[in-house]
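Novice: need a structure here:
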Amino acid sequence: MFENKINILGVGVDDLNLDLASARIDQWIKDKRKVYVCVAPVSTIVDCQEDKAYKDIVNSAAMVTPDGMPVVWIAKLKGGKEVQRVYGPDLMRRLCVNEKGTYRHFFYGATQRTLDLLEQRLRESNPDICIVGKMAPKFCQKAELEKKEVIDMINIANPDILWVGLGSPKQDFWMALNRDKLSAPVMIGIGAAFDFLAGVKPQAPQWMQRCGLEWLFRLCCEPKRLWKRYLIGNTKFIYYLLKDLFFHSGEQ
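Specialist: All right, here's what the predicted structure looks like:
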């Protein structure tokens, strides 16, 4: 079922690193192949246990990146040879800053202020970047089929990469719902990367990221919004891992 992927609680996570992920995206753009990419931290793996429709959407993605260190550690234990963290903001930085105007970018999500700051910062880091459009949609609780005028606006802009920053799982549902109508070769659900790269929200120090403690930093920054995701979600993740371990041990 998961050819060239690592099965983590029924979610196929790709055995890759930032270089491999970037190269794969580059090839998809050259081939004009229509795909979407999901980033998978612990919260995504947990949400997939509780929503089969969401699991199907994530498993239908052309690439599922190991976005959190716990996901990386488990992937390594399961035999991942190339796996390293492919963190949404790092992937976006690689493709928006380190390339020199090769790709056409469209940003969808966040607020207009965040998108303006994001564009400003990206242009400061890479004056050659080609940003062909940006849109801050009206807030809605769940992903919906996008209006024709919005689809047309994005298609007329003709991006190579459509960055979707709606937060998960909504961004992944949105990509799956609208993939066929959009002509951009690659759509990437990028979570809070817009906020981080725009400087609207602080990022955890590198040492906390490497140690798998970014969740604690983010919880301290936004306790009211994130306490369920991290305190309850992380506990559920451990429970599901132990359940999976003992279940498969009992089969042997």
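Novice: so what's the backbone phi/psi at residue 36?
Specialist: Per-residue torsions, residue 36: phi -130, psi 150 (degrees, to the nearest 10).
Novice: give me the number of residues near it?
Specialist: The local packing of residue 36 (other C-beta atoms under 10 Å) involves 24 other residues. C-beta coordinates here come from the backbone N, C-alpha and C atoms, glycine included.
Novice: Okay, it and residue 58: tell me how far apart.
Specialist: Residue 36 sits 10 Å away from residue 58, going by C-beta to C-beta, to the nearest Å.
Novice: Quick check: neighbours shared by these two?
Specialist: Common contact partners of residue 36 and residue 58 (C-beta atoms under 8 Å, 6 or more residues apart in numbering): residue 172.
Novice: Show me where the chain has its strands.
Specialist: Counting by DSSP state E, the chain has strands at residues 5-8, 11-14, 35-40, 63-66, 104-109, 130-135, 161-165, 186-189.
Novice: can those strands go into a markdown table with extra columns for distance to residue 210?
Specialist: A markdown table is the format used below for the strands of the chain (distance: least, C-beta to C-beta, whole Å):
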| stretch | distance to residue 210 |
| --- | --- |
| strand 5-8 | 20 |
| strand 11-14 | 19 |
| strand 35-40 | 18 |
| strand 63-66 | 14 |
| strand 104-109 | 27 |
| strand 130-135 | 31 |
| strand 161-165 | 24 |
| strand 186-189 | 23 |
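Novice: I'd like to know which of these is closest to residue 207.
Specialist: The minimum distance between residue 207 and the strands of the chain falls on strand 63-66, with 19.1 Å, by C-beta to C-beta.
Novice: just checking, what packs against that closest one?
Specialist: strand 11-14, helix 18-31, strand 35-40 (3 or more C-beta pairs under 8 Å, 6 or more residues apart in numbering; DSSP states H and E).
Novice: Which strands border the first one, and is each parallel or antiparallel?
Specialist: Yep, that's strand 11-14 we're talking about. Using DSSP bridges, the strands paired with strand 11-14 in its sheet are strand 5-8 (antiparallel).
Novice: on that earlier part again, out of the strands of the chain, which is closest to residue 80?
Specialist: In terms of C-beta to C-beta, the element of the strands of the chain nearest to residue 80 is strand 5-8, at 5.2 Å.
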